[in-house]
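1. Structure of the sequence below:
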Amino acid sequence: MSNIKVLLTTEGTYPFHQGGVSTWCDILVKELKSVDYVLYAILMDPFVTQKFT
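-> The predicted structure follows:
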């Protein structure tokens, strides 16, 4: 059986900023092994550095 695929959309948070929402998203992405996530991050600043891998 294959994993379900989920589009995870964030705005101004994960994976570029640390904090509550980003921590929650990181736990979801790393710990739910039965889900394949596709991340779509929306940012205002194109030069911000990624905090999570």
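2. Phi, psi for residue 22 please.
-> phi -60, psi -40 (degrees, to the nearest 10).
3. My read is that it contacts residue 13, right?
-> Yes: counting by Cβ atoms under 8 Å, residue 22 touches residue 13, with 4.9 Å between them. C-beta: built from backbone N, CA, C; applies to glycine.
4. And the helices in the protein?
-> 20-31 (DSSP state H).
5. In it, what residue spans correspond to strands?
-> Using DSSP state E, the strands of the chain run over 4-11, 35-42.
6. could these be laid out in a markdown table, adding mean pLDDT?
-> Formatted as a markdown table, these follow (pLDDT from 0 to 100):
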| stretch | mean pLDDT |
| --- | --- |
| strand 4-11 | 97 |
| strand 35-42 | 96 |
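7. As CSV, the ones you listed with distance to residue 49 and mean neighbour count would be great.
-> What follows is the strands of the chain, written out as CSV (distance: least, Cβ to Cβ, whole Å; neighbours: other Cβ atoms under 10 Å):
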stretch, distance to residue 49, mean neighbour count
strand 4-11, 15, 12
strand 35-42, 13, 12
